[in-house]
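*Asks:* Could you look at this predicted model? Sequence included:
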Amino acid sequence: MSKYVIAIDQGTTSSRAIIFDHSGNIVSSGQKEHEQIFPKAGWVEHDPMEIWNNTREVIGNALSKVNLTRHDIAAVGITNQRETTVVWDKNTGEPVYNAIVWQDTRTQPIVDELAADGGVERFKSKVGLPLATYFSGTKVKWILDNVEGARAKAEAGDLLFGNTDSWITWHLTGGTEGGVHITDVTNASRTMFMDLETLSWDDEILKAFGVPRSMLPEIKSSSEVYGKVHGAQLLRETPVAGILGDQQAATFGQAAFEKGGAKNTYGTGNFLIVNTGEEIVRSENGLLTTVCYKLGDAKPVYALEGSIAVTGSLIQWLRDNLGFIKTAPEVEQLAKSVEDNGGVYVVPAFSGLFAPYWRGEARGAIVGLTRFVNKGHIARAALEATAFQTREVLDAANADAGVDMEDLRVDGGMVANDALMQFQADILGIPVVRPKVTETTALGAAYAAGLAVGFWSDTDELAANWSEDKRWLPSMDAAERDRQMRLWKKAVTRTFDWVDEDVK
């Protein structure tokens, strides 16, 4: 009997393969970064072929480190950067354009055009999302409108569209030799094209966007056998059996299966998800309504999500663009070199502001500068920006739910930063809890795949795997917490209305 499940985690900055055992522990992993392409201000792209080639490489790395073969692997799960849009020729397997990344803001004119009839909430009652550059829909429209010959090919039925889950799955299962063109409900819920109630593509919305239905993948559940790995690949004949968008996968990996269960992932951006059970909850406080997961034939489970565009990528910006640090972990030591932020607040509205503001015209700002301020203060303010933004989406989630969260489960790369996690607990006023396995995104995808093939029996078995590693308790007094939040909110308002007709 196969002893392991492998998860492919196709993320914003890298692709990884992680092998898990039955207890949910990591056995082996492989990782490779891919190029971040910035053709113009506000444009962010990836090379889809580089991503696919890296995916194959990291699978090989993960298997070879522990001398495993396909016979040791029960199933393949996939999790991915959501909303990042790939359009490719189904006959050649070649992308017609680079993948347009979820952070990209070039489609604001398309958002404005579609919002002219009904405002930014024109489709929200059906899809749970406001019109924004964030989601896949405007990106695929941009490719059809701007890549020569793309629209004609699409209308002839020769082009396929998907988030990177669809791109990876299609290649794994055969590509031009019969690869399956599918997505799961969580990824479909981020396109702006799926009706949350029927879990099907909406023809009226597709018509408004000008996107042929023939391009779209078939919508499947998050946990079922979609096909098998094809051909001469290392995992050939292994079932591909689970797909979850990265934030939903992290929620699944945190075992937040009950209504009210929540997690916050600290990655390139931050994403708070609150499980709302089988009920579709419409946010009145700037959160998104999305699908949390769907297991086989069971009813879908929904969620509210607070999406923050820039958190970990702010630290990358300090490293790569400004040269403040040589490696990302150095930011913690730099931040610890000062007692506080020195009155500095960094609002990283590089892609506009996501939840709870949804201000596409906002741009980043550093405020409160004086001659007293040094690199340490700016590093500390950059870390604190992550915690402040999380507090705002948590406040929105509490308001929508009508019940205050008692603690916050956290995961992602930044949770290794003790200074950040302590400040997060302080500014929230509730405990912050880190699990022993922090790679919850990949773990969630592995769980979904394993459930589909009987490697795990049910969600109770998965919940039993979860265990606490560390807990941070708040130590800041309420008056100081309120003062800090008041200044943060003041700083945020300074980023509004920056982009107008003559500012790019």
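*Replies:* Yes, it's here.

*Asks:* Show me the shaky parts of the protein.
*Replies:* Counting by pLDDT under 70, the chain shows low-confidence ranges at 1, 501-504.

*Asks:* The residue nearest to residue 308 when sequence neighbours are not counted pairs with what?
*Replies:* Take residue 308 and drop its neighbours on the chain: the residue closest to it by CB to CB, 6 or more residues apart in numbering is residue 270, 4.0 Å away. For every residue, glycine as well, the C-beta is placed using N, CA and C. Judged by DSSP bridges, the bridge partners of residue 270 are residue 266, residue 308.

*Asks:* And the helices in the stretch 151-300 of the chain, which stretches?
*Replies:* If DSSP state H, counting those that start in this stretch is used as the criterion, the helices of the stretch 151-300 of the chain fall at 164-172, 185-188, 203-209, 246-253.

*Asks:* Burial-wise, tell me which of those comes out on top.
*Replies:* Each of the helices of the stretch 151-300 of the chain was scored by mean neighbour count; the highest is helix 246-253, a mean of 32, by mean count of other CB atoms under 10 Å.

*Asks:* how far is that one from where the chain is centred?
*Replies:* 9 Å (CA atoms, centre = their mean, to the nearest Å).

*Asks:* quick check: longest helix of this protein.
*Replies:* In the chain, assigned by DSSP state H, the helix with the most residues is helix 375-401.

*Asks:* I'd like the next helix or strand past that one.
*Replies:* Counting by DSSP states H and E, the next helix or strand C-terminal to helix 375-401 is strand 408-411.

*Asks:* Mind listing the strands that next one pairs with, and their directions?
*Replies:* strand 262-266 (parallel), strand 432-435 (parallel).

*Asks:* I'd like these as TSV, with mean neighbour count and distance to residue 288 appended.
*Replies:* TSV is the format used below for these (neighbours: other CB atoms under 10 Å; distance: least, CB to CB, whole Å):
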stretch	mean neighbour count	distance to residue 288
strand 262-266	26	14
strand 432-435	22	23
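
*Asks:* Quick check: which helices or strands does the longest helix of the chain pack against?
*Replies:* If you count contacts as 3 or more CB pairs under 8 Å, 6 or more residues apart in numbering; DSSP states H and E, helix 375-401 packs onto strand 262-266, strand 270-277, strand 301-308, helix 312-320, helix 330-336, strand 345-347, helix 418-428, helix 478-493.

*Asks:* Could you rerun that using 7 Å?
*Replies:* Contact partners of helix 375-401 among helices and strands, from 3 or more CB pairs under 7 Å, 6 or more residues apart in numbering; DSSP states H and E: strand 270-277, strand 301-308, helix 312-320, helix 330-336, strand 345-347, helix 418-428.

*Asks:* next SSE after the shortest one?
*Replies:* The one in question is strand 345-347. With DSSP H and E setting the assignment, the helix or strand that follows strand 345-347 is strand 365-367.

*Asks:* how about the helices and strands packed on helix 375-401, which one is nearest residue 491?
*Replies:* Residue 491 lies closest to strand 345-347 among these, at 3.8 Å (CB to CB).

*Asks:* and the longest helix of the chain, which residues are buried?
*Replies:* 376-397, 400-401 (16 or more other CB atoms under 10 Å).

*Asks:* what does stretch 140-150 give?
*Replies:* Buried positions in stretch 140-150, judged by neighbour count with 16+ other CB under 10 Å: 140-144, 147, 150.

*Asks:* Same check on stretch 116-123?
*Replies:* Residues of stretch 116-123 classed as buried: 120, 122-123 (neighbour count, 16+ other CB under 10 Å).

*Asks:* Same check on stretch 302-309?
*Replies:* In stretch 302-309, counting by 16+ other CB under 10 Å, buried: 302-309.

*Asks:* outside of that stretch, which residues touch it?
*Replies:* For stretch 302-309, the surrounding residues in contact (CB atoms under 7 Å, 6 or more residues apart in numbering) are 103, 247, 251, 269-276, 278-281, 283, 287-292, 350-351, 354-356, 389, 393, 396-397, 400.

*Asks:* so how far is it off the chain centroid?
*Replies:* The chain centre lies 9 Å from the centre of stretch 302-309; the measure is CA atoms, centre = their mean.

*Asks:* same check, this time on stretch 242-259
*Replies:* Mean-position distance between stretch 242-259 and its chain equals 11 Å (CA atoms, centre = their mean).

*Asks:* Use 496 as the first number from now on
*Replies:* Yep, numbering from 496; the last one is stretch 737-754 now.

*Asks:* Using PDB, write down the CA coordinates of it.
*Replies:* The C-alpha trace of stretch 737-754 is given here as PDB (Å, rounded to 0.1, in the frame of the first residue of the first chain):
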ATOM      1  CA  GLY A 737      -7.400  17.100  -5.000                       C
ATOM      2  CA  ILE A 738      -7.400  20.800  -6.000                       C
ATOM      3  CA  LEU A 739      -7.800  23.800  -3.700                       C
ATOM      4  CA  GLY A 740      -6.800  27.400  -4.300                       C
ATOM      5  CA  ASP A 741      -4.000  28.200  -1.900                       C
ATOM      6  CA  GLN A 742      -5.900  30.100   0.700                       C
ATOM      7  CA  GLN A 743      -8.700  27.500   0.900                       C
ATOM      8  CA  ALA A 744      -6.000  24.800   1.000                       C
ATOM      9  CA  ALA A 745      -4.400  26.500   4.000                       C
ATOM     10  CA  THR A 746      -7.900  26.600   5.700                       C
ATOM     11  CA  PHE A 747      -8.300  22.900   5.000                       C
ATOM     12  CA  GLY A 748      -4.800  22.200   6.300                       C
ATOM     13  CA  GLN A 749      -5.500  24.100   9.500                       C
ATOM     14  CA  ALA A 750      -8.500  21.700  10.000                       C
ATOM     15  CA  ALA A 751     -10.900  24.600  10.100                       C
ATOM     16  CA  PHE A 752     -13.800  22.400   9.100                       C
ATOM     17  CA  GLU A 753     -16.400  23.700  11.500                       C
ATOM     18  CA  LYS A 754     -18.500  26.800  10.900                       C
END
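
*Asks:* ok, now which residue in this structure is the farthest from the centroid?
*Replies:* Among residues of the chain, the one most distant from the C-alpha centroid is residue 866; the distance is 37.9 Å, by CA atoms, centre = their mean.

*Asks:* what about that one, which SS state?
*Replies:* coil (DSSP: H, G, I helix; E, B strand; the rest coil).

*Asks:* Excluding sequence neighbours, find me the nearest residue to residue 995.
*Replies:* Leaving aside its sequence neighbours, residue 995 sits nearest to residue 856 (CB to CB, 6+ apart; 7.3 Å).

*Asks:* Surely that neighbour and residue 992 touch.
*Replies:* Yes: when contacts are counted by CB atoms under 7 Å, residue 856 is listed as touching residue 992 (5.9 Å).

*Asks:* neighbour count winner among these two?
*Replies:* Regarding residue 856 and residue 992, a neighbour count based on other CB atoms under 10 Å identifies residue 856 as having more, with 16 against 12.

*Asks:* What distance do you get for that one to residue 653?
*Replies:* The gap separating residue 856 from residue 653 is 37 Å, by CB to CB, to the nearest Å.
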